[in-house]
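[1] I need the structure of the sequence given here:
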Amino acid sequence: MDSQAIPLVVDLDGTLILSDLLWESVVLNLRHDLGGAWRLPLWLARGKAGFKELAAAGIEMDPAALPYDPALLAFIEQERRRGRRIVLATGAQRRLAEQVAGHLGLFDSVVATGDGINLTSHNKAGHLEQVYGKGGYDYIGNSRADLPVWLGARHAYSVTHRPFRLADGRDTEFLGTRRPGLAGALLKAMRPRQWLKNLLVFLPMLAGHRLDGATFAASLVAFLAFSLCASSAYLLNDALDAQDDRAHPVKQRRPIASGALPLGLALFASPLLAAAALALCAWFDPVLLVAVVAYFATTVAYSLHLKRLLMVDIVTLAILYTLRVLGGSAATGIVPSFWLLAFSFFIFLSLALLKRHSELTNLQKAGKEKTRGRGYTIADRTPVGIMGVNAAFIAVMVVMLYFNSDNVLVLYENPNWLLGILPLLVFWLGRLWILSFRGQVNEDPVLYVSKDMTSLAVLALCGALVVAATR
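    Residues are numbered from 1 along each chain as shown. This is a model prediction of the structure:
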């Protein structure tokens with residue numbers, strides 16, 4: 001039979017897209033109404049097909065914001081130009097599958113889950129053999145659920161680099177884009193670089209001059225707990241924001257948005273990490289548990305809703321940084337001074353504003369008006385910058401007043417050395433804000449500072465001055 005007369009049948013979830021429409025539907029439901037998550041187990045009682053129908057009923061999905069396999073799309077376009085019939089056969093809910101097909105404009109027909117039938121595995125194989133006959137189609141799939149479908153196909157293609165062995169002795173042929181390993185994608189999605197922010201738990205120990213092994217160990221436990229909680233929140237945040245992130249020039253490369261990390265795995269790992277953090281705190285110190293619970297609850301609230309509210313998101317970010325300091329205090333039993341908390345709030349308020357300002361500057365350069373999923377437009381760039389610069393110099397003022405307080409005379413033998421920190425802070429914060437106005441701070445300011453040699457040199461000089469003042 002002529003190859004062009006043999007239809008090419010393409011699976012959708014995990015094959016044509018590097019995601020799964022069922023999980024996309026679940027996430028959109030959770031994003032719309034997290035409190036309604038209790039309904040999900042009840043939907044399962046309706047069977048797989050019924051669950052998919054209910055999950056898809058209340059959501060609007062943007063098919064343009066899905067992570068497609070570019071190599072597979074190119075192959076399908078090539079086959080279509082040759083005059084071949086292209087069929088989308090998927091276990092996804094029918095309405096959503098038809099939206100994807102309509103967006104791409106590459107498919108002659110769509111068969112999908114509906115009318116109480118879950119079109120996967122044997123159900124899909126039976127349908128295709130009934131329509132096209134055994135060996136009357138070529139099939140592109142991605143998982144063990146496709147084994148019956150491949151067995152009935154003339155040519156069996158898989159987007160997984162490792163082939164599947166079929167019952168008739170054939171192996172699937174690789175087709176598509178090579179996909180990264182799940183372990184590496186999960187680790188990247190946990191954002192270990194962001195754990196740098198959790199070093200703030202060591203501030204109470206350093207500020208209180210409690211440099212002993214027991215205090216360090218307590219601070220280290222707090223660091224581990226906050227890092228696990230932060231990674232849990234990042235996974236949840238990125239899962240809920242996947243559709244928005246795919247429209248962002250940088251965030252679209254995140255593991256969940258790009259499809260490198262399945263949504264289901266992210267939603268499974270997130271509560272496990274949070275539970276591990278809370279168990280660690282409960283074992284170590286109930287006071288630390290309270291601090292971490294407050295941090296985690298605020299982070300989840302930020303991910304679900306607060307980050308979309310004008311100025312509320314910025315104040316919340318500053319509070320989250322300060323909660324890390326309080327976590328270090330809770331773990332070590334060191335009562336934080338007013339000066340430390342005031343400086344922490346204002347310096348991180350400035351950095352949170354700098355983050356938004358940089359995003360708006362780059363948005364303006366790209367000719368766009370508004371960031372998707374945020375409450376800001378490019379018209380807000382100037383007031384955000386003004387507030388950020390003011391917050392920076394309020395932080396400098398707090399440091400200056402602290403150097404004139406009684407605390408300094410108790411903790412430092414030569415406090416005059418500390419005065420050298422003031423011009424360094426003015427230089428550092430002023431430089432960061434100028435670079436932001438130029439559009440040269442293109443990532444989270446804390447991460448930018450961790451790679452900026454000038455910033456690191458300033459921090460090292462400030463550390464040297466503190467050491468000199470202590471002796």
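
[2] Least confident secondary structure element in this protein?
    Averaged element by element with mean pLDDT, DSSP states H and E, the chain has its least confident helix or strand at helix 406-411 (a mean of 81).

[3] which residues sit against the helix or strand following that helix?
    Helices and strands here follow DSSP states H and E; after helix 406-411, the next one along the chain is helix 421-437. Where contact means C-beta atoms under 8 Å, 6 or more residues apart in numbering, the residues beyond helix 421-437 that reach it are 350, 354, 357-358, 361, 385, 388-389, 392-393, 395-396, 399-400, 403, 441, 445, 449, 454-455, 458, 461-462, 465-466. Every C-beta, even on glycine, is put in place using the N, C-alpha and C of the backbone.

[4] Just the buried residues of the host helix or strand of A233, please?
    In this structure, A233 is located in helix 213-240 according to DSSP H and E. Of the residues in helix 213-240, those buried by neighbour count under the rule 16 or more other C-beta atoms under 10 Å are 215, 218-219, 221-240.

[5] which helices and strands does that helix pack with?
    Helices and strands touching helix 213-240, by 3 or more C-beta pairs under 8 Å, 6 or more residues apart in numbering; DSSP states H and E, are helix 21-32, helix 182-189, helix 203-207, helix 255-258, helix 263-284, helix 286-304, helix 312-332.

[6] For whatever helix or strand comes next after that helix, which helices and strands make contact with it?
    Scanning the chain past helix 213-240 towards its C-terminal end, the next helix or strand to appear is helix 242-245 (assignment: DSSP H and E). Judged by 3+ C-beta pairs under 8 Å, 6+ apart, the packing partners of helix 242-245 are helix 21-32, helix 255-258.

[7] Looking at these, spot the one closest to L267.
    helix 21-32 (7.4 Å; C-beta to C-beta).

[8] Just want the angle from that closest one to helix 286-304.
    Following axes from the mean of the first three to the mean of the last three C-alpha atoms, to 10 degrees, one obtains 110 degrees for the angle between helix 21-32 and helix 286-304.

[9] List of residues touching helix 21-32?
    Applying C-beta under 8 Å, 6+ apart, the contact partners of helix 21-32 are 12-13, 36-37, 40, 51-52, 55-56, 58-61, 66, 90-93, 96-97, 100, 239-240, 242-243, 262-264, 267, 304.

[10] Ignoring the adjacent residues along the chain, who's closest to C281?
    The spatially closest residue to C281, leaving aside those adjacent along the chain, is L289, at 3.9 Å (C-beta to C-beta, 6 or more residues apart in numbering).

[11] and the helix holding A233, average pLDDT?
    Looking at helix 213-240 alone, the average pLDDT works out to 94.

[12] so how far is it from its chain's centroid?
    Between the mean C-alpha point of helix 213-240 and the mean C-alpha point of its chain there is a distance of 16 Å (C-alpha atoms, centre = their mean, to the nearest Å).

[13] ok and that helix relative to helix 182-189, angle-wise?
    Using the same axes, to 10 degrees, helix 213-240 lies at 100 degrees relative to helix 182-189.

[14] relative orientation of helix 213-240 and helix 263-284 in degrees?
    Between the direction of helix 213-240 and that of helix 263-284, the angle (the same axes, to 10 degrees) works out to 160 degrees.

[15] what residue ranges in the protein score low on pLDDT?
    Regions of the chain meeting the criterion pLDDT under 70 cover residues 1-4, 371-373, 471.

[16] How about the residue nearest the centre of it: what's its closest non-neighbour residue?
    In the chain, the C-alpha nearest the mean C-alpha coordinate belongs to D238, at 2.8 Å (C-alpha atoms, centre = their mean). The shortest distance from D238 to any residue that is not its chain neighbour, by C-beta to C-beta, 6+ apart, is 4.4 Å, and that residue is I256.

[17] okay but that neighbour is in contact with L240, surely?
    No - with contact defined as C-beta atoms under 8 Å, I256 does not reach L240; the gap is 9.5 Å.

[18] that older thread, among the contacts of helix 421-437, which are in helices?
    The helices, defined by DSSP state H, take in 350, 354, 357-358, 361, 385, 388-389, 392-393, 395-396, 399-400, 403, 445, 449, 454-455, 458, 461-462, 465-466 from those.

[19] Which members of those are classed as buried?
    Those of these that meet the buried threshold are 350, 354, 357-358, 361, 385, 388-389, 392, 395-396, 399, 403, 445, 449, 455, 458, 462, 465-466, by 16+ other C-beta under 10 Å.

[20] Show me how this structure divides into domains.
    Following automatic domain parsing, one finds the domains of the chain at 3-174, 182-470.

[21] quick one: the first one to chain centroid distance?
    Which is domain 3-174. What separates the centre of domain 3-174 from the centre of its chain is 26 Å, taken as C-alpha atoms, centre = their mean.

[22] Doesn't V87 lie inside a strand?
    Yes - the assignment for V87 (DSSP: H, G, I helix; E, B strand; the rest coil) places it in a strand.

[23] gap between the two ends of stretch 100-120?
    One end of stretch 100-120 sits 18 Å from the other (C-alpha to C-alpha, to the nearest Å).
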